[in-house]
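Asker: structure, please.
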Amino acid sequence: MTSLAALAARPHQSRGRLFAEPDQGPRGPRDVFQRDRDRIVHSVSFRRLRHKTQVFVAPDGDHYRVRLTHSIEVAQIGRTIARVLGLNEDLTEALCLAHDLGHPPFGHAGEDALDAALKEWGGFDHNGHTLRLVTCLEAPYPDFDGLNLSWETLEGLAKHNGPVAEPKWALAEVERAVGLELGSWPSLEAQVAALADDIAYDNHDIDDGLRAGLLNLEQLLEQPFVRRHWEAIERRHPDLAMDRKLKALVRDQIGTMVGDLIAETRRRVAEAGVGSIGDVRAGGGPLVGFSDALAAEERALKRFLYANLYNAPALQPVRREAQRVVANLARAYLDEPRLLPDAWDRGGEDPTQRARNVADYVAGMTDPFAIRRHEDLRGKVNLPDRF
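Answerer: Numbering: from 1, shown residues only. Take a look at the predicted model:
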């Protein structure tokens, strides 16, 4: 039986970078995946995540999660799973840290508005924009644009959720330049990163939803997965304060999901009989995943969160206002490209390139910066103080 470690990505077997980089200067004892991770952490796009929406727009509380803290939490979960399975921890961590770089201001609400505004010119999606950022828009090096990440990191970012049959324009451009084999499955490290993301937001969004008062324990306990863990906590700690029980609930649920994923992944790999990374890519489905029983409970939990948190009536005015802000900003720059900073007014008179310049600029905005620019160009922003 092939061990999972034999299916791990190997730095010395990397397909390399698009641009050759001679080993000159003080680079330190880091392999290709470690350098990828470090390039992501030091990027401007990563720093901007500290002011980009996770669930709550421009939250007034210091304890709510934002894209940056979410990405760090995903990386912690992903790295733990990779270590236990014998996979490459550095590649897994790089993918976890970078998976949300392409989000515009105000999360999915902002993404929907920007996609609609750019519909005539190919639209917008945050995953494609992540690839555009790391291959083109970030420019810290003298000899090339982008971060020049390894093929394996680009592949994992492009298709961590599985093969991509019809890439939008941004991802299609990267595919033409790099050749990421979008029709195949990605590495096990990329598959781990995708599920680590699910585990993190399934549980941490519960934590934030409870703190905001949009979720309550009675609602949550209607979910069998949650009720089972809550009852176990009450048996172990009947006199514990409620806030500490809730923290234990989130922690225990993460532990259960991680343990189930590890066991199920080992089972799938043994059953599939794969012997190489090539076999993983050529497989007919994911090898990293939850057991059937836990997958059903996790899907039910997601449905609950969409109904009671992400689409909660209290958040709809916030969502509509966020979309109005992004749509108005896109329209302002499309109508008057001269409003763009000089560095972003590139592409001459070509309308498609100009529209994509606008998308690049607006997508890079943080929530507070987008609010300020809207108030400068289009008037007051009416976001509720609480969320």
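Asker: shaky segments in the stretch 201-350 of the chain?
Answerer: 347-348 (pLDDT under 70).
Asker: that one: strands as residue ranges?
Answerer: For the stretch 201-350 of the chain, no strands are identified by DSSP state E, counting those that start in this stretch.
Asker: G110 and V325, how far apart?
Answerer: Distance of G110 to V325, computed by Cβ to Cβ, to the nearest Å: 8 Å. Bear in mind the C-beta positions are built from the backbone N, C-alpha and C, glycine included.
Asker: overlap in contacts, these two.
Answerer: A370 (Cβ atoms under 8 Å, 6 or more residues apart in numbering).
Asker: give the buried residues for the lengthiest helix in the chain.
Answerer: Longest helix in the chain by number of residues (criterion: DSSP state H): helix 242-272. Residues of helix 242-272 classed as buried by neighbour count (16 or more other Cβ atoms under 10 Å): 245-246, 248-250, 252-254, 256-258, 260-262, 264-266, 268-269.
Asker: please apply the same query to stretch 155-175.
Answerer: Buried residues in stretch 155-175 (16+ other Cβ under 10 Å): 155-160, 164, 167-175.
Asker: what do you get for stretch 201-216?
Answerer: Within stretch 201-216, the residues that count as buried by 16+ other Cβ under 10 Å are 201-212, 214-215.
Asker: now, these that are in helices?
Answerer: Per DSSP H, those map to helices at Y201, D202, N203, H204, D205, I206, D207, D208, G209, L210, R211, A212.
Asker: of those, just say which sits nearest to L195.
Answerer: Comparing these against L195 with Cβ to Cβ picks out D202 as the nearest, at 10.2 Å.
Asker: apart from its chain neighbours, what residue comes closest to that closest one?
Answerer: L301 (5.8 Å; Cβ to Cβ, 6 or more residues apart in numbering).
Asker: distance of that neighbour relative to L154?
Answerer: 31 Å.
Asker: okay, those two: which has more neighbours?
Answerer: When L301 and L154 are compared for neighbours, L154 comes out ahead with 29 against 22, by other Cβ atoms under 10 Å.
Asker: for A20, grab the count of nearby residues.
Answerer: 9.
Asker: please list all residues in contact with the spatially closest residue to L210 that is not a sequence neighbour.
Answerer: Counting by Cβ to Cβ, 6+ apart, L246 is the residue found nearest to L210 once chain neighbours are left out, at 6.1 Å. Contact analysis of L246 by Cβ under 8 Å, 6+ apart lists D207, L210, L217.
Asker: how about those in JSON lines, adding distance to E21?
Answerer: Converted to JSON lines, the contacts of L246 look like this (distance: Cβ to Cβ, whole Å):
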{"residue": "D207", "distance to E21": "41"}
{"residue": "L210", "distance to E21": "47"}
{"residue": "L217", "distance to E21": "53"}
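Asker: list just the nearest of those residues to V288.
Answerer: For the contacts of L246, the nearest to V288 is D207 (24.4 Å; Cβ to Cβ).
Asker: my guess is R65 meets T53, correct?
Answerer: No - taking contacts as Cβ atoms under 8 Å, R65 lies outside contact range of T53: 9.6 Å.
Asker: looking at the two, which one has more neighbours?
Answerer: T53 (25 against 22).
Asker: hang on, that one packs against P105?
Answerer: Yes - assessed by Cβ under 8 Å, T53 is found in contact with P105 at 7.0 Å.
Asker: now do the shared contacts for these two.
Answerer: Between them, T53 and P105 share the contacting residues A322, D367, judged by Cβ under 8 Å, 6+ apart.
Asker: burial of E297, as a residue count?
Answerer: Based on other Cβ under 10 Å, the number of other residues close to E297 is 19.
Asker: to clarify, my last question referred to P317.
Answerer: Count around P317 with other Cβ under 10 Å applied: 13.
Asker: ok, the one 4 residues further on next?
Answerer: Close neighbours of E321, defined as other Cβ under 10 Å, add up to 19.
Asker: residues contacting it?
Answerer: So E321 contacts V381, N382, L383 (Cβ under 8 Å, 6+ apart).
Asker: now T265
Answerer: Per Cβ under 8 Å, 6+ apart, neighbours of T265: L4, L85, L188, L287, V288, G289.
Asker: for S45, same thing?
Answerer: L101, G102, L133, V134, L137, E138, G364.
Asker: measure the second one to G110 for me?
Answerer: Shown here: G102 relative to G110, a distance of 11 Å by Cβ to Cβ.
Asker: and the two? Which one has more around it.
Answerer: G110 (29 against 24).
Asker: any idea of the pLDDT on the more buried one?
Answerer: Note for G110: predicted pLDDT of 95.
Asker: so it is in which element?
Answerer: In this structure, G110 sits in helix 107-117 according to DSSP states H and E.
Asker: what do you get for P167?
Answerer: Using DSSP H and E, no helix or strand contains P167.
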